[in-house]
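Trainee: build me a model from this:
(chains A and B)
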Amino acid sequence: MSKKLTRREKALIRSKNKLSSPWASLLSIVIAVLWTVPTMGLLVTSFRQNRMAISTSGWWTSFAPSHWKDFGLGNYKAVLGGGYNLGSYFVNSFVITIPGVVIPITLALLAAYAFAWCKFPGRNVLFVAVFTLQVVPVQVTMIPLLTQYVNWGLNNTFWVLWLSHTIFGLPLAIFLLHNFMLDIPKELIEAAKMDGAGHVQIFLKVVLPLMVPAIASFAIFQFLWVWNDLLVALAFAGNTPATAPLTSRLSDMVGSRGSAWYLLAPGAFIAMIVPVAVFLLLQRYFVRGMLAGSVKG
Amino acid sequence: MKRANVYKGLAAAISAATLVGVAGCGSSNSSESTKSSGAQCAPYKVYGDLSGKKISVYTIWVDQEGDATAKAFSQFESCTGAKVSHEGSRDLATQLPVRIKSGSAPDIAVLPQPGLVKSMVDTGKVAKLSKDALANVSKYYSKDWQDYASVGGKVVSIPVDANAKSFIWYSPKKFKEKGYKVPQTWDEMVSLTKTIAKDNKGDTGVKPWSVGLEGGADSGWPGTDWLEDAVLRFTDGDTYNQWVAHKIPFNDPKIVAAFKEVGKLLKNTDYVNGGFGDTKSIASTSWQDAGNSLIDGKGYLMHMALFYQSNYESSNPDISISPDGDAWAFPMPSLEKDKKNMLGGGDFAVAFSDKPEVQKFEAFLASPEYANARAKAMTGWITANTGLDESLLKPIDKLAYTSLTDKNTTFRFDGSDLMPAEVGTGIFFKEMISYFGQGKSEQDVLDTIEKSWPAGK
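Mentor: So this is what the prediction gives:
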């Protein structure tokens, strides 16, 4: 099977060589370091318990041996033990986030399948319409949506958050999953049809297994967005212990006049644990998902 | 194999979420309060039996202050049987209009500025206060405070708390060490400034004044307090009112003159900025940090409201706040010794419902019972309610409370809170930052604000 390389394959090889040159590696290391420095600073600050020192000197000065006594777990103890009740907010965040990820992905998979493999009149117009919905900013929808929720008697429950995150997540989800789905070779679907499979069977037995990387990569996006959301939660579900997520507890932790600012750094790192864990768990799918469809000649 | 695992994981996650979700929904309204009686409930008899009634309160108080507020309501709940649900948010000013427009306004909302009260009244959704509440407001609040709670000459809100702003923080220990005396007049304050500057001439890091204006989205407000205090002292209470109400131009020559007095202190690099740098550093120093240099001995004086005590407490619990401790405050002096001027602010409760239980609750908020319950729940809090039991206050709070209720003190409400929001929390803040950060002149700053004053307001 020795055939001439196509233009695209040549280009790929060229770019691969370029990307793996030592200079490129050096550059990417420099960028990575620059990118991580602020987070490093936050991490260092979260362990500095001398509050006077934090407010009068930069975190980088704290590495001098004379400042080592400033380090300790005091801030973390204050966050975890100070009656902030983070546990129940963690639970709230999970209760909001898991359906907030599962529902849009489920709906988007079905919609994307229909857009990709079912022929029906107005398909393209409808798809463009869904796609363009992405440009609607969340803020614009707040008052009309909340009015609707109030009429339905749903406000201040988890339902509004699940619904809202589904609404805001769907356009991008459908668009992305649809593009991934188009990359599945037509022959596979046709073969399944020849074997007598209906749409439901094709979807469950052929398409879904092939979509796992794509689903995982979108799940990461959606998970991060919902987990880190503060605006939607504040506007629709209110800031009460019954429904408020971790983010709103975190933003309140500084106190009414912002006097407990030193709790923010440790609080941020505690809240970060879950998204980082999710990312690490799903990252191999993530990389595969990003590349899916882009390397087929 | 792998695929099956993913499915299993998903299924487990969904079912876990559903279970927790159901549990979460179920627990939210399970806590029916039980009604109790007894001697403690005697003052609450007037509110009658409100068993099973629900009242929602939306405030700007979060965290410890939020808990203290909820605690202050607990006696009302247990004596009347009503259930008061408190929700605090630092984003109230942006969230409340959304809720009102979408029809989910709370029964009671506590607003941080009279200007916001007015804009809420303008929405037409604010309910009239009950007769009992109005009676309490006129019984327990001074005429001045009734005015601040009014829109168009009618009391529409309840001043539920207050703060006193015209104070200068200092370190009594350091003062004693150096032999400095608390100034009684503005001139004495200026000469104290000169003395401190002279004593520390060799040391470039130590300056008499520490000033910080940075505060996130609200950066600049400590600067507006400086100017307002100067206007109140170098003109008079009436001119101050006219200036705030824009009956005289913002850049009136009298105001410019008062502002220049501030400039004499804060634009002099020999006098500022203790612990932080030069005049420009005032704009970038956070107001929460400014007081730290008083403890380090890098600064000696800081103009700041008394609520700053919580910053000291949280920055280092060992700092003692007492008249001979590490930190204390004296009222910013006026030109003459026997004249007292005080700026202050407060939060105002308005009702969005005229349900009977809400009307009773309004009366409660204006009563000494609420004031005392709140004072007991957490210190660092005062109110303008004259029915407050002073013995509940710690010394620093008592200092603030007396300055609010003292009949010989000319009290004025923080002007930036009374001005239209575009100015009061917008350009006024920004221009105070440029005054220091970009070295703008007093005249320039006032001219810019005057030009941007919204027409018809």
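Trainee: hey, let's count contacts and neighbours off CA atoms from now on
Mentor: Will do.
Trainee: per-residue confidence at the residue of the stretch 51-200 of chain A found nearest chain B?
Mentor: Proximity of the stretch 51-200 of chain A to chain B (Cα to the nearest Cα) peaks at residue A:147, 4.1 Å away. On pLDDT, residue A:147 comes in at 92.
Trainee: so the nearest residue to it once chain neighbours are set aside versus residue A:229, what's the distance?
Mentor: Counting by Cα to Cα, 6 or more residues apart in numbering or on different chains, residue B:102 is the residue found nearest to residue A:147 once chain neighbours are left out, at 4.1 Å. Distance of residue B:102 to residue A:229, computed by Cα to Cα, to the nearest Å: 21 Å.
Trainee: re earlier: tell me the secondary structure at the residue of the stretch 51-200 of chain A closest to chain B.
Mentor: Here residue A:147 is recorded as helix under DSSP: H, G, I helix; E, B strand; the rest coil.
Trainee: my read: it touches residue B:105, true?
Mentor: No: applying Cα atoms under 8 Å as the test, residue A:147 and residue B:105 come out as separate, 10.9 Å apart.
Trainee: might you report the residue contacts of residue A:189?
Mentor: A:202, A:206 (Cα atoms under 8 Å, 6 or more residues apart in numbering or on different chains).
Trainee: go with 10 Å
Mentor: By Cα atoms under 10 Å, 6 or more residues apart in numbering or on different chains, the contact set of residue A:189 is A:117, A:195, A:197, A:199, A:202, A:203, A:206, A:207.
Trainee: farthest pair in those?
Mentor: Farthest pair in those (Cα to Cα) is A:117 and A:195. Separation: 16.6 Å.
Trainee: next, the residue nearest to residue A:147: phi, psi?
Mentor: phi -90, psi 10 (degrees, to the nearest 10).
Trainee: again with residue B:214
Mentor: phi -70, psi 140.
Trainee: how close does it get to residue A:53?
Mentor: 18 Å.
Trainee: for the two, work out which one has more neighbours and name it.
Mentor: Neighbours per residue, other Cα atoms under 10 Å in any protein chain shown: of residue B:214 and residue A:53, the larger number sits with residue B:214, 23 against 18.
Trainee: what's the helix or strand for residue 177?
Mentor: Going with chain A. Secondary-structure assignment from DSSP states H and E places residue A:177 in helix A:158-182.
Trainee: my question was about chain B, not that one.
Mentor: Going by DSSP H and E, residue B:177 is in helix B:172-178.
Trainee: can you show me the helices along the stretch 301-450 of chain B?
Mentor: Along the stretch 301-450 of chain B, the stretches classed as helices by DSSP state H, counting those that start in this stretch are B:309-315, B:356-365, B:368-377, B:395-405, B:415-418, B:421-422, B:428-437, B:442-452.
Trainee: show me what the shortest one is packed against.
Mentor: So that's helix B:421-422. helix B:114-122, helix B:428-437 (3 or more Cα pairs under 10 Å, 6 or more residues apart in numbering or on different chains; DSSP states H and E).
Trainee: for chain A, see how far away the residue nearest to residue B:336 when sequence neighbours are not counted is.
Mentor: Nearest-residue entry for residue B:336: residue B:185, 5.6 Å, with adjacent residues in sequence omitted and distances by Cα to Cα, 6+ apart. Distance, residue B:185 to chain A, using Cα to the nearest Cα, to the nearest Å: 30 Å.
Trainee: list the contacts for residue B:185?
Mentor: B:191, B:332, B:333, B:334, B:335, B:336, B:337, B:338, B:339, B:340.
Trainee: isn't the fourth one up against residue B:233?
Mentor: What that stands for is residue B:334. Yes: between residue B:334 and residue B:233 there is a contact at 5.6 Å, judged by Cα atoms under 10 Å.
Trainee: find residues that contact each of the two.
Mentor: Counting by Cα under 10 Å, 6+ apart, the residues touching both residue B:334 and residue B:233 are B:186, B:340, B:341, B:342.
Trainee: mind listing which of those residues are in strands?
Mentor: B:340, B:341, B:342 (DSSP state E).
Trainee: from those, which single one is nearest chain A?
Mentor: Closest to chain A, out of all of these and judged by Cα to the nearest Cα, is residue B:342, at 21.0 Å.
Trainee: please save the CA atoms from stretch B:294-301 in PDB.
Mentor: Provided in PDB are the C-alpha atoms of stretch B:294-301 (Å, rounded to 0.1, in the frame of the first residue of the first chain):
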ATOM      1  CA  LEU B 294      -1.100  52.300  61.900                       C
ATOM      2  CA  ILE B 295      -0.300  49.100  63.700                       C
ATOM      3  CA  ASP B 296       3.200  48.800  62.000                       C
ATOM      4  CA  GLY B 297       4.000  52.400  63.000                       C
ATOM      5  CA  LYS B 298       4.400  53.400  59.300                       C
ATOM      6  CA  GLY B 299       1.300  55.700  59.500                       C
ATOM      7  CA  TYR B 300      -0.300  57.500  62.300                       C
ATOM      8  CA  LEU B 301      -3.700  58.700  61.100                       C
END
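Trainee: and the nearest residue to residue B:235 once chain neighbours are set aside, what element?
Mentor: Leaving aside its chain neighbours, residue B:235 sits nearest to residue B:254 (6.9 Å; criterion: Cα to Cα, 6+ apart). Using DSSP H and E, residue B:254 sits in helix B:253-266.
Trainee: quickly check: stretch B:304-318 near chain A or not.
Mentor: Yes: residues of stretch B:304-318 contacting chain A under Cα under 10 Å from any Cα of the partner chain: B:307, B:308, B:309, B:310, B:311, B:312, B:313, B:314, B:315, B:316.
Trainee: flag every buried residue along that stretch.
Mentor: B:304, B:305, B:306, B:307, B:308, B:309, B:310, B:311, B:312, B:315 (16 or more other Cα atoms under 10 Å in any protein chain shown).
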